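# coordinates only, sequence not included:
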């Protein structure tokens with residue numbers, strides 16, 4: 001099945017929801033309006049559809065392999081990465097000072113989605129490199145920036161993030177990798193890191209590892225963690241590659257999905273110590289690593305949207321071709337393609353509505369990021385930063401959980417053939433599962449939403465978002481159409497359920513934290529459900545206005561129908577989620593341990 005990038009839907013979101021022409025008024029983004037966005041997206045689509053997507057199935061069937069300390073990626077990956085790098089795609093969102101193109105995240109996020117739809121395993125290498133670039137831009141010394149950034153941004157070198165150890169998964173307080181200071185200002189790094197995505201590969205000449213480790217005498221727990229650059233090959237003063245560093249891949253994992261992406265076990269310091277360079281100050285490593293993680297969490301949310309889109313397209317193509325049974329309404333006298341059957345249409349619309357809702361939410365979040373980091377007005381920056389930070393766990397958590405539902409439905413649309421690998425539907429389901437786990441599980445995202453994003457400011461940001469949603473409800477009612485009014489009613493019900501939960505979280509976080517955190521994932525799902533539904537309501541308004549002007553009737557009608565379906569079939573889940581949190585959280589903790 002072929003992949004066709006949803007450029008039209010992406011541009012619709014940028015223009016009417018993310019307001020890209022407003023983004024283009026921010027200093028530095030003056031040339032990054034809708035016309036530029038369209039040109040960039042169309043070129044990205046060509047690369048993703050023609051070069052990267054055809055490698056998706058081969059990567060699943062013939063994944064990365066490990067032999068004699070070296071990793072060989074799937075045939076074709078190295079050449080595809082060369083084309084990706086030479087096209088300037090790695091530097092799309094990064095500063096022109098270091099060779100990037102300096103485009104806003106509003107445009108870059110759409111390109112990230114396309115690349116991941118085309119090939120999730122392939123796209124992980126640029127994703128991790130982006131995170132390394134962000135960390136160095138924020139906390140790296142001038143010397144580190146000069147040595148590494150241009151090569152990373154060009155795609156000549158790639159980057160990784162090294163957090164996890166055999167005894168330390170999400171609990172980074174347990175990190176044991178150590179760093180010993182040397183007389184020349186460098187450090188010797190010793191330890192083992194696991195689950196390192198693209199920790200070893202054959203697609204670039206050097207790999208720049210960002211590694212969490214403890215300096216001798218550092219405080220216990222997370223306060224004693226530092227961050228180091230540890231390159232695979234040391235870099236000479238003239239920028240050329242020097243001798244091999246003392247970091248080696250000892251194995252790669254055999255996985256359920258994303259098989260073409262090499263997930264490495266890296267050993268540091270078996271031969272005297274790996275040379276590392278401190279990023280920023282000692283004992284502030286977790287703070288710096290969160291820069292990478294925040295960038296990666298948003299990107300993983302885009303992966304969820306991407307794999308959902310690919311699964312939806314695959315299912316639609318199959319449903320249009322597979323002949324099975326006569327329609328129940330007698331509209332076709334003989335056996336018909338399954339897209340005629342009501343439940344298949346319900347499943348396909350569910351897939352489409354979830355995917356478009358999350359894409360719209362992520363696009364609006366990207367525009368907020370651009371304003372938060374680059375707007376000239378400090379108050380505008382502050383407001384957008386609060387909004388974006390609230391959105392990150394939703395984009396990551398809700399979109400990835402959504403992708404499991406969508407890819408599962410994709411298998412179901414295929415029936416028994418979905419369970420057969422040769423149809424390709426199962427790969428999306430298998431690939432999607434990791435998205436709810438890495439870069440912080442859904443529960444970690446939900447705990448962040450409860451503690452840092454809701455409880456810390458007394459629900460102020462959450463209520464400000466609810467106020468914006470209420471404004472959209474008024475606009476839907478004012479539109480006057482039956483469809484807009486119906487969406488407004490569902491949106492209001494979901495918003496009120498959300499506010500009930502915000503009040504509960506704020507009131508009970510200290511009095512009964514177990515009850516609050518027992519409902520943290522349902523709260524995240526409710527918030528994501530609502531915010532994506534809000535954007536679908538805004539999309540319906542924009543589509544109706546454009547339809548009245550006679551623009552692209554088929555697309556606008558489809559957008560309106562999808563928004564209505566979201567409101568009727570997905571927004572309506574909000575009340576049940578509200579009840580599970582407010583009324584059901586305490587019951588979880590009331591269960592005795594021997595009940596499990």
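Perfect, I can see it now. No experiment lies behind these values; they were computed from the predicted model shown.

# ok, residues contacting stretch 396-403?
With contact meaning C-beta atoms under 8 Å, 6 or more residues apart in numbering, stretch 396-403 is reached by 297-298, 300-305, 307-308, 311, 354-355, 358, 361-362, 432, 435-436, 439-440, 442, 445-446, 449, 521, 524-525, 527-529, 532. The way it works is simple: take the backbone N, C-alpha and C, and place the C-beta from them, glycine included.

# report back the residue of this structure that's furthest from centre.
Residue farthest from the centre of the chain, counting by C-alpha atoms, centre = their mean, is residue 333 at 45.4 Å.

# if I look at that one, how far off is residue 327?
In this view, residue 333 and residue 327 are 9 Å apart by C-beta to C-beta, to the nearest Å.

# over to residue 195?
In this structure, residue 195 lies at 48 Å from residue 327, with C-beta to C-beta as the measure.

# try residue 35
Taken as C-beta to C-beta, the span from residue 35 to residue 327 is 45 Å.

# pLDDT weak spots in the stretch 51-200 of the chain?
169, 173 (pLDDT under 70).

# that one: strands as residue ranges?
65-67, 70-72, 157-162, 178-181, 187-197 (DSSP state E, counting those that start in this stretch).

# of those, flag the one that's most buried.
Each of these was scored by mean neighbour count; the highest is strand 157-162, a mean of 26, by mean count of other C-beta atoms under 10 Å.

# adjacent strands (with direction) for that one?
Within its sheet, strand 157-162 is paired with strand 206-215 (parallel), according to DSSP bridges.

# which of the three states applies to residue 328?
For residue 328, the assignment made with DSSP: H, G, I helix; E, B strand; the rest coil gives coil.

# which of the helices or strands spans the closest residue to residue 357 other than its chain neighbours?
Closest residue to residue 357 apart from its sequence neighbours, by C-beta to C-beta, 6 or more residues apart in numbering: residue 532 at 3.4 Å. If you go by DSSP states H and E, residue 532 is part of helix 520-548.

# mind listing what's buried along that helix?
For helix 520-548, the neighbour count (16 or more other C-beta atoms under 10 Å) marks 520-544, 546-547 as buried.

# next: stretch 53-60.
Within stretch 53-60, the residues scored as buried using 16+ other C-beta under 10 Å are 53, 55, 56, 57, 59, 60.

# quick one: contacts for the last one?
Same thing as residue 60. Residue 60 neighbours (C-beta under 8 Å, 6+ apart): 121, 259, 260, 427.

# from residue 335, how far out is the residue nearest to the residue farthest from the centre of the chain when sequence neighbours are not counted?
Nearest residue to residue 333, sequence neighbours excluded (C-beta to C-beta, 6+ apart): residue 326, at 7.0 Å. As judged by C-beta to C-beta, residue 326 and residue 335 stand 6 Å apart.

# repeat for residue 315
With C-beta to C-beta as the criterion, residue 315 and residue 335 are 19 Å apart.

# more neighbours, the two?
Comparing residue 315 with residue 335 by other C-beta atoms under 10 Å, the one with more neighbours is residue 315, at 29 against 12.

# tell me the SS of the residue farthest from the centre of the chain?
Residue 333 ends up coil, using three-state DSSP.

# next, it: phi, psi?
Per-residue torsions, residue 333: phi -80, psi -20 (degrees, to the nearest 10).

# was I right about it contacting residue 340?
No. Residue 333 lies out of contact with residue 340 (C-beta atoms under 8 Å); the separation is 11.9 Å.

# buried set for the biggest helix by length in the chain?
The residue-count maximum for a helix in the chain (DSSP state H) belongs to helix 285-321. By 16+ other C-beta under 10 Å, the buried positions in helix 285-321 come out as 285-289, 291-316, 318-319.
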